[in-house]
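# need coordinates for the below:
(chains A and B)
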Number of protein chains: 2
Amino acid sequence: MRAIANPLSLGTLILCLLGLAAPQVRALEPIQLTPPDLSHSKPLLQVLQERQSTKTYDTRSIPVDTLSNLLWAAFGINRPEAGKRTVATAVNCQDIDIYVVFAQGVYVYQAREHRLVPVLDRDVRSLAATQDYAQKAAIQLVYVSDYGKMNDSFGAKKPIYSAFHAGAISQNVYLYCASAGLGSVVRDSVDREALHKALKLRDNQTIVMGQTVGYAQAQAVTPEP
Amino acid sequence: MRAIANPLSLGTLILCLLGLAAPQVRALEPIQLTPPDLSHSKPLLQVLQERQSTKTYDTRSIPVDTLSNLLWAAFGINRPEAGKRTVATAVNCQDIDIYVVFAQGVYVYQAREHRLVPVLDRDVRSLAATQDYAQKAAIQLVYVSDYGKMNDSFGAKKPIYSAFHAGAISQNVYLYCASAGLGSVVRDSVDREALHKALKLRDNQTIVMGQTVGYAQAQAVTPEP
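Residues are numbered from 1 along each chain as shown, chains lettered A, B, ... in the order given. Model (predicted):
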């Protein structure tokens, strides 16, 4: 994996050496995801039967091959020759970017390269999920619409389209989670203003919704007497 | 099946007998859908691989057991004890109603009873789908949000939530279609004003989006020389 172009600046380095700046989190590297393995999943109608929202999580992390399948299912490219994706978007605008928030930082999913590229090397889980129960989970997905990808004909309906697209993506995530034994919940509880600033999003990028993914907390079992 | 409470009025009957009114379409009856058969569907990741938008249809109708599964997958009840559904909605508001537009009229899907109840006994396919290619297909689904089911805390975000919910439902439809060998396409091409009036929707009901479902037109095969 290549290191990202985000080295410490000379000035910051000197401040660190002098103990005058907090030690920086080591720069994050891109994560090349394994190719999605489409050979193992539950039948569609079974995962629809099992789909539910989960509100208790433990802190187990998600294996990279599971994360790979999850992101491909969410909004990956299913027709490489045309660059088309698992969710239809109006005029194929593909406006939604999926930001993946881990404890160590934030990455954005690049579908064509099927990889995660770091965008922030600090912990903003409390912005991506303002509710305590959700912060425990392995990752928070944040759906960001790039209005710049929608042409003028969308007019005032850009927020409607972006919500419709993000809703479809979130359903893929719910269904993949049901197939893979993960829990998930869609949340509006995102500190949009602070997260928009932290991620250095542009004015024409909008945070649509958040979605938590992680392992559900095991039910406490009372020992037999 | 019980007849619906929509008999010809005495006045209309007299006008018909006198030949002064167009003959009315015979009143439609509710359609009790077969219980969904969840035992046969393709694996989730395979249908995600196969999901696409279809823009050429033939006029074959959809068997009732397939329609039953389609509507259950779309937004049916998957946890009967709690009345919860295949798609999550904010604060479980379940605001989306699915209207199903056939040549003979329009029905609304009642999830709890798993049946279709007629709401209009005339052909409004050209309102539900303003593009010719889509009108050929067996059915048009129309997603209607009932803002009356969202509490005041939703405020100005009602259109965002309803689009998000409808997007998730539309994805279930796409995926079920990929599993069942049907074609589908989400469309904004709905004559919302005329259809709202024809369906006698209330002011706080909003047509979010349309989705065509039907059999894809078979590819013409050139005979071997």
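
# tell me the helix or strand right after the helix or strand where residue A:142 lies.
Secondary-structure assignment from DSSP states H and E places residue A:142 in strand A:139-146. The element immediately downstream of strand A:139-146 (helix or strand, assigned by DSSP H and E) is helix A:158-180.

# rewinding a little: in its sheet, what does the strand holding residue A:142 sit against?
Strand A:139-146 has these partner strands in its sheet, going by DSSP bridges: strand A:96-101 (antiparallel), strand A:205-214 (antiparallel).

# just the mean pLDDT for the shortest one, thanks.
Across strand A:96-101, the average pLDDT comes to 98.

# give me the contact list for that strand.
A:67, A:71, A:74-75, A:87, A:89, A:106-109, A:116, A:119, A:124-125, A:128-129, A:139-146, A:162, A:165-166, A:169, A:199, A:205, A:208 (Cβ atoms under 8 Å, 6 or more residues apart in numbering or on different chains). For the C-beta atoms, the positions are set from N, CA and C on the backbone; glycine is no exception.

# and the strand holding residue A:142, how far out from the chain middle?
Distance of strand A:139-146 from its chain centroid, counting by Cα atoms, centre = their mean, to the nearest Å, is 5 Å.

# what's the burial count for the residue in chain A that chain B sits nearest to?
Sorted by distance to chain B under Cβ to the nearest Cβ, the residues of chain A start with residue A:167, at 2.9 Å. By other Cβ atoms under 10 Å in any protein chain shown, the residues close to residue A:167 number 29.

# give the closest residue to it in space, chain neighbours not counted.
residue B:167 (2.9 Å; Cβ to Cβ, 6 or more residues apart in numbering or on different chains).

# report pLDDT for that neighbour.
According to the per-residue confidence, residue B:167 scores 98 in pLDDT.

# same check, this time on residue A:218
82.

# and the one helix or strand residue A:68 maps to, is it in reach of chain B?
Element membership of residue A:68 [criterion: DSSP H and E] is helix A:64-75. Yes - part of helix A:64-75 sits close enough to chain B to count as contact by Cβ under 8 Å from any Cβ of the partner chain, namely A:69, A:72-73.

# what's that helix in contact with?
Taking Cβ under 8 Å, 6+ apart as the rule, helix A:64-75 contacts A:31, A:33-38, A:62, A:85-87, A:96, A:98, A:100, A:109, A:111, A:114, A:116, A:139, A:141, A:169, A:172-173, A:175-177, A:180, A:182, A:213, B:44-45, B:48.

# buried subset of these, written for PyMOL?
If you want just the buried ones from the contacts of helix A:64-75 in PyMOL, going by 16 or more other Cβ atoms under 10 Å in any protein chain shown, the selection is:
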select buried, (chain A and resi 31+33+36+38+62+85+86+87+96+98+100+109+111+114+116+139+141+169+172+173+175+176+177+180+182+213) or (chain B and resi 44+45+48)
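
# got TSV for the residues of helix A:64-75 next to chain B, with neighbour count too?
Formatted as TSV, the entries for those read as follows, by neighbours: other Cβ atoms under 10 Å in any protein chain shown:
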residue	neighbour count
A:69	26
A:72	27
A:73	27
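
# ok, so of these, who is nearest residue A:133?
Proximity to residue A:133 was ranked across the residues of helix A:64-75 next to chain B by Cβ to Cβ; first place goes to residue A:73, at 24.0 Å.

# so where's chain A uncertain?
A:1-26, A:219-225 (pLDDT under 70).

# run the last query once more with 90
Applying pLDDT under 90 to chain A flags the ranges A:1-27, A:152-153, A:218-225.

# does residue A:192 touch residue A:208 like I think?
No - with contact defined as Cβ atoms under 8 Å, residue A:192 does not count as touching residue A:208 (9.4 Å).

# right, and the residue nearest to residue A:167 touches residue A:166 too?
Yes - taking Cβ under 8 Å as the contact criterion, residue B:167 and residue A:166 are neighbours in contact, 6.8 Å apart.

# residue contacts, residue A:114?
Counting by Cβ under 8 Å, 6+ apart, residue A:114 touches A:32-33, A:35-36, A:68, A:71-72, A:76-77.
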